[in-house]
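# The sequence isn't on hand, but the structure is:
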């Protein structure tokens, strides 16, 4: 008699798995593809809460109205119920998301988005899951929340894996791993390694999968990360079972059982028990197999998990088939089929109809065999149609994602171009500004040099003018001395003709010297202070030539004596001239210095 094909539930990413039916001729591990939907849900807390702690947390929520306090409790409840009660977790997550968004709690907003994305993964709504994860990724990137950014990437990676886009899935998985390693986030590294291991397992590269699962488990053990440990044991148990190493598979699954019992995760306990029973059946240890089947049925019935309950009855029917208890085999199979029929579990119906068709065919009951063979074709076609529709939906989603990704790439390219353009313009602006500053500084420097040059030239001319004035003074003094001597000689001479000649010479010397001295002085003064007369006459047009000359002497800060020597006038005459000049210039206050006043013209 051909042995009935077993249906084993693979708990790859976590104890939580929604098994699918085995088509004839296949020993199924395809439950793996649905498993990762909870890989992240089991990766945040070390142990789950007990019932009293959950009740206490819900009661605390009733009295917390401040947004910052309330959102923390909401996220704790979201984390707690995410895996076991997704709908309940969703209500907490939605409220936390709303509060975080309204109050700009960016970190909890990102966490709520990723939790919500995981919940939609559990519900197999990959489209919404990816949308939410993308939102979380964008917000996390904007606010530099690197841990949450990596978590969002890992969720997107899982979605792509479930869509059979393994290349994108692996790229994102390794990207998340790299981020976690840079942050030295041990739990994140543990999760990413497990996700990558699942990728290799589904590609039937079990040696690589074993390597990543082992590393993930090692990190979980080092960090006392209970749910990571449970997941790791389950992952390795699947690898061992795929190699028909059932002893190790049982050993590792029992280790996962211990963790799940501490966490109170009865749904995963039911799956663990059923897998252990399958392994014992393969080892022909039927008493142990029956013991764990009973435990699996009891747990699944207690938590009303009808899908896993149907699978447990299928395992029980396999036990009775092997042990040749035909009556109990038929009863167990029909119980599984009844559960499948009532809940439209087509894969369960396909599996049970196949098992009954094989039994009746081998028993020679061709009518019954034909009946269940027809049902088998019916359910297989129906399941195939559903899978085809699902694949079409997946392809539509992939097309949508690729289109959105292309749009995002174009938008990113535009942002990068705009950013680059802004940077170039800024650099160009800085360069232009720098050149303008340098040019201005050069102009200022040149102006200062020109100004200094003019000052130096003016100072030189002033010194030269001062030297010329002193020369004129000495020259005038010398001529005055000669004139005085000639006057004495004139008095001492008795000859009238000689006296007349001497007098004429003295007179000519005096007049010519005064005229020449003034012309030379005025020429040199105008050379140095060319605008002085112009400004003076513009402000005081009624000044006489002698008053203009006096102003020039005072501009050079000459004393009354020095002016007297140059002009040939007496000091008293000069003082009177200064007095009259003050009046013409409108200087009434005796406190105003005439020389200072003229120097400002």
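That came through, no problem. Keep in mind that what you see is a predicted model, and the values were worked out from it rather than measured.
# In the protein, where is pLDDT below threshold?
For the chain, the stretches flagged by pLDDT under 70 are 1-50, 385-396, 399, 458-459, 462-463, 465-474, 476-477, 508-518, 520.
# which one's the longest helix in it?
The residue-count maximum for a helix in the chain (DSSP state H) belongs to helix 366-492.
# That one: how far from the chain's middle?
Distance of helix 366-492 from the chain centroid (CA atoms, centre = their mean, to the nearest Å) equals 25 Å.
# who does it touch, helix- and strand-wise?
helix 126-142, helix 346-362, helix 496-528, helix 560-567 (3 or more CB pairs under 8 Å, 6 or more residues apart in numbering; DSSP states H and E). (C-beta placed from N, C-alpha, C; glycine too.)
# quick one, that helix and helix 346-362 angle?
Calculated by axes from the mean of the first three to the mean of the last three CA atoms, to 10 degrees, helix 366-492 forms an angle of 150 degrees with helix 346-362.
# On the three-state scheme, residue 586 is what?
Three-state call for residue 586 (DSSP: H, G, I helix; E, B strand; the rest coil): coil.
# next structured bit after whichever helix or strand residue 151 is part of?
Assigned by DSSP states H and E, residue 151 belongs to helix 146-162. Going down the chain from helix 146-162, the next helix or strand is helix 166-183, by DSSP H and E.
# Next secondary structure element downstream of that next one?
helix 186-202.
# List the residues that contact the nearest residue to residue 343 once chain neighbours are set aside.
Sequence neighbours aside, residue 306 is the residue nearest to residue 343 in space, at 5.4 Å (criterion: CB to CB, 6 or more residues apart in numbering). Counting by CB atoms under 8 Å, 6 or more residues apart in numbering, residue 306 touches 300, 339, 342, 343, 345.
# Also residue 146?
140, 179, 182, 183 are the contacts of residue 146 under CB under 8 Å, 6+ apart.
# quick one: contacts of stretch 281-298?
6, 244, 246-247, 250, 270-271, 273-274, 276-278, 280, 308-309, 312-313, 315-316, 318-319, 322-323.
# ugh, wrong one, I meant stretch 60-77
By CB under 8 Å, 6+ apart, stretch 60-77 touches 54, 57-58, 89, 92-93, 95-96, 99-100, 102-103, 105, 108, 111-112, 115.
# same thing but at 10 Å, please
Here stretch 60-77 makes contact (CB atoms under 10 Å, 6 or more residues apart in numbering) with 44-45, 49, 53-54, 57-58, 85, 88-89, 91-100, 102-103, 105, 107-109, 111-112, 115.
# Among those, which are located in helices?
Short answer: those in helices (DSSP H) are 53-54, 57-58, 88-89, 91-100, 102-103, 107-109, 111-112, 115.
# Drop anything exposed from the residues you listed.
With neighbours counted by 16 or more other CB atoms under 10 Å, the ones in helices among the contacts of stretch 60-77 contain buried members at 54, 89, 92-97, 99-100, 108-109, 111-112, 115.
# Please report the distance of the closest residue to residue 490 other than its chain neighbours from residue 480.
In space, and not counting its chain neighbours, residue 490 is closest to residue 502: 4.3 Å by CB to CB, 6+ apart. Going from residue 502 to residue 480 by CB to CB, to the nearest Å gives 16 Å.
# Surely residue 208 is in contact with residue 198?
No. Counting by CB atoms under 10 Å, residue 208 sits too far from residue 198 to count as a contact (11.1 Å).
# Out of those two, name the residue with the larger neighbour count.
residue 198 (27 against 14; other CB atoms under 10 Å).
# So that one sits against residue 158, correct?
Yes. Contact criterion CB under 10 Å: residue 198 and residue 158 qualify, at 8.3 Å.
# Pretty sure residue 564 sits against residue 578.
No. Counting by CB under 10 Å, residue 564 sits too far from residue 578 to count as a contact (11.4 Å).
# Now for those two: what residues contact both?
residue 553.
# my guess is the residue nearest to residue 490 contacts residue 494, does it?
No. The criterion here is CB under 10 Å, and residue 502 misses it with residue 494 at 12.0 Å.
# Quick check: phi and psi at residue 143.
The phi/psi pair for residue 143 (degrees, to the nearest 10) reads phi -110, psi 20.
# To what extent is it buried, counted in neighbours?
Count around residue 143 with other CB under 10 Å applied: 15.
# shift numbering so it begins at 868
Yep, numbering from 868; the last one is residue 1010 now.
# so what's it closest to, chain neighbours aside?
Leaving aside its chain neighbours, residue 1010 sits nearest to residue 973 (4.6 Å; criterion: CB to CB, 6+ apart).
# Show the contacting residues for the one you found.
Here residue 973 is in contact with 967, 1006, 1007, 1009, 1010, 1011, 1012, 1015 (CB under 10 Å, 6+ apart).
# residues contacting the second one?
By CB under 10 Å, 6+ apart, the residues touching residue 1006 are 968, 973, 974, 976, 977, 980, 1012, 1015, 1016, 1019.
# now do the first one
For residue 967, the residues meeting the contact criterion (CB under 10 Å, 6+ apart) are 934-935, 938, 941-942, 973-980.
# So what's the residue count around residue 1450?
Residues near residue 1450, counting by other CB under 10 Å, number 9.
# Please name the nearest non-neighbouring residue to residue 1228.
The spatial neighbour of residue 1228 that comes closest, neighbours along the chain excluded (CB to CB, 6+ apart), is residue 1236 at 4.0 Å.
# Tell me how far that neighbour lies from residue 951.
41 Å.
# just residue 1205 next, same as before
26 Å.
# These two: who's more crowded?
Neighbour count, other CB under 10 Å: between residue 1205 and residue 951, residue 951 has more, with 19 against 15.
# can you give me phi and psi for residue 1232?
phi -90, psi 80.
# try residue 1192
The phi/psi pair for residue 1192 (degrees, to the nearest 10) is phi -100, psi 80.
# Distance check, it against residue 954.
40 Å.
# These two - which one has more neighbours?
The residue with more neighbours, out of residue 1192 and residue 954, is residue 1192; 14 against 10, by other CB under 10 Å.
# from the contacts of residue 1173, which two are the most distant?
1167 and 1209 (14.9 Å; CB to CB).
# With neighbour numbers in mind, choose between the two.
Neighbours per residue, other CB under 10 Å: of residue 1167 and residue 1209, the larger number sits with residue 1167, 25 against 10.
# list the buried ones in the one helix or strand that one maps to?
If you go by DSSP H and E, residue 1167 is part of helix 1153-1169. Across helix 1153-1169, burial judged by 16+ other CB under 10 Å covers 1156, 1157, 1159, 1160, 1162, 1163, 1164, 1165, 1166, 1167.
# mind giving me CSV with the residues you listed and columns for distance to residue 1279?
Formatted as CSV, these follow (distance: CB to CB, whole Å):
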residue, distance to residue 1279
1156, 56
1157, 59
1159, 53
1160, 54
1162, 53
1163, 50
1164, 53
1165, 54
1166, 49
1167, 48
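# hmm, back to that, among the contacts of residue 1173, which one lies nearest to residue 1294?
Once CB to CB is applied, the member of the contacts of residue 1173 that ends up nearest residue 1294 is residue 1212, at 65.2 Å.
# related to what we said a few turns ago, any idea how far residue 1113 is from the residue nearest to residue 1210?
27 Å.
# again, but for residue 947
In terms of CB to CB, residue 947 sits 34 Å off from residue 1113.
# ok, now residue 1462?
Computed as CB to CB, the residue 1462 to residue 1113 distance reads 121 Å.
# Which one of these two is surrounded by more residues?
Between residue 1462 and residue 1113, residue 1113 has the larger neighbour count (other CB under 10 Å), namely 20 against 14.
# host element of the residue lying closest to the more buried one once chain neighbours are set aside?
Nearest residue to residue 1113, sequence neighbours excluded (CB to CB, 6+ apart): residue 1146, at 4.1 Å. According to DSSP H and E, residue 1146 maps onto helix 1133-1149.
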